[in-house]
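Colleague: From the sequence below, what's the structure:
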Amino acid sequence: MKLYNGVPCTHCRKLFNDSDDIVVCPDCGAPYHRACYQEAGRCELEEKHAPDFSWKPPVAQKVAAGETVTCPNCNTVNPKASSFCQMCGSRLGDAPLGERELFGGRVKLPGGSAGETAQRRVEAVDQWEINGVSAHELSAFVGSGAYYFLRQFQLLLNAPGKISWNWCAFFFGPFYFFYRKMYGYGAAILSFYLFSTAYSIPAAIPQLREMAPQLFADFPPEMLASSIVISLIFGNLVNILTAAVCALFANKLYLRKAILTVGQMRASFAERVGSRDYYSALYYKGNVNILAVVLALMITSFAISGLGYFAATLI
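Modeller: Coordinates of the predicted model:
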């Protein structure tokens, strides 16, 4: 374990040497003595676990160049900035199978052997699929945050009503759907928010005038109108309930989109299904779209200005 020499165990903080039996957390890659991991019963960095978190080795690792990096161990497509595969934890490089480095070192996972480095987690992932779609295909499609979504998709299989809660969808609503390239849902939800707000304006202004008449005397109509519109968008009970519905069904809708997309890509690639080009195409078809979020925010800004003008005519 020369690559871990001088690196402290996450539990006992003692430095590793060549004779140590080392295991790593399958979620973040933090290294432990086997006995330390068994004693702790869990990863001590568990509260930090997130799609964008992984244990960092002392020396920065070189990342393969290109727009995407395909893991040579499990064929998962990763963002080019990734140092380790977000599916199996293998170091992204050109080493042949059997010499794979897991989070910075050739680590023997529990039950594995020196020639099966990094295989335990890959095999565990390979044991499940959804509607015939493998975890590797879902991971390639999801791209950013793949490991989080794979866990959510697994939970959906046993969840009542096949639904689960997504906080990002609750707080960001339509913009989250644009971010995940579910443009139809994003456009429909954003339109509903804006129409619901527009419908509420005529009733809200008289109520506000009755409750706080001083506001109409102290603030210009344009400023007051914009404040009313923004408060209705975020404080409207109908919109809050809509956000809750988005949170409940976002993961289910995203899984449905992933399954449909994989089916379409399989038909397009035919005999080349499973190739690197296939996984790269899935990655580009899925992943995220920040530009769509920016455009949606610009459209929302213009819509708020229009609603503000409409509200100002009623003040």
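
Colleague: Please, where are all the helices along the chain?
Modeller: Counting by DSSP state H, the chain has helices at residues 34-40, 119-126, 135-142, 146-158, 167-172, 174-179, 183-211, 213-218, 221-235, 237-269, 276-285, 290-314.

Colleague: Could you dump those into CSV and include mean pLDDT and distance to residue 22?
Modeller: The way it works is simple: take the backbone N, C-alpha and C, and place the C-beta from them, glycine included. Shown next, in CSV, are those (pLDDT from 0 to 100; distance: least, Cβ to Cβ, whole Å):
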stretch, mean pLDDT, distance to residue 22
helix 34-40, 87, 7
helix 119-126, 44, 14
helix 135-142, 87, 26
helix 146-158, 83, 22
helix 167-172, 95, 35
helix 174-179, 97, 38
helix 183-211, 88, 45
helix 213-218, 75, 65
helix 221-235, 77, 49
helix 237-269, 93, 35
helix 276-285, 87, 30
helix 290-314, 90, 38
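
Colleague: Point out the most buried one among the ones you listed.
Modeller: Greatest average neighbour count among the helices of the chain goes to helix 135-142 (a mean of 26), per mean count of other Cβ atoms under 10 Å.

Colleague: quick one: that one to helix 146-158, angle?
Modeller: Counting by axes from the mean of the first three to the mean of the last three Cα atoms, to 10 degrees, helix 135-142 lies at 120 degrees to helix 146-158.

Colleague: by contact count, what packs against helix 135-142?
Modeller: Helices and strands touching helix 135-142, by 3 or more Cβ pairs under 8 Å, 6 or more residues apart in numbering; DSSP states H and E, are helix 119-126, helix 146-158, helix 237-269, helix 276-285.

Colleague: export that helix as PDB, just CAs?
Modeller: The C-alpha atoms that make up helix 135-142 are tabulated as PDB, following Å, rounded to 0.1, in the frame of the first residue of the first chain:
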ATOM      1  CA  ALA A 135     -27.400   1.400 -13.300                       C
ATOM      2  CA  HIS A 136     -24.500   2.200 -15.600                       C
ATOM      3  CA  GLU A 137     -26.800   3.500 -18.200                       C
ATOM      4  CA  LEU A 138     -28.700   5.600 -15.700                       C
ATOM      5  CA  SER A 139     -25.500   6.900 -14.300                       C
ATOM      6  CA  ALA A 140     -24.300   8.000 -17.800                       C
ATOM      7  CA  PHE A 141     -27.600   9.700 -18.400                       C
ATOM      8  CA  VAL A 142     -27.800  11.500 -15.100                       C
END
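
Colleague: Now do that helix: distance to the chain's middle.
Modeller: Offset of helix 135-142 from its chain centre (Cα atoms, centre = their mean, to the nearest Å): 12 Å.

Colleague: My guess is residue 80 contacts residue 144. True?
Modeller: No - the pair residue 80 / residue 144 is not scored as a contact, 11.8 Å apart, by Cβ atoms under 8 Å.
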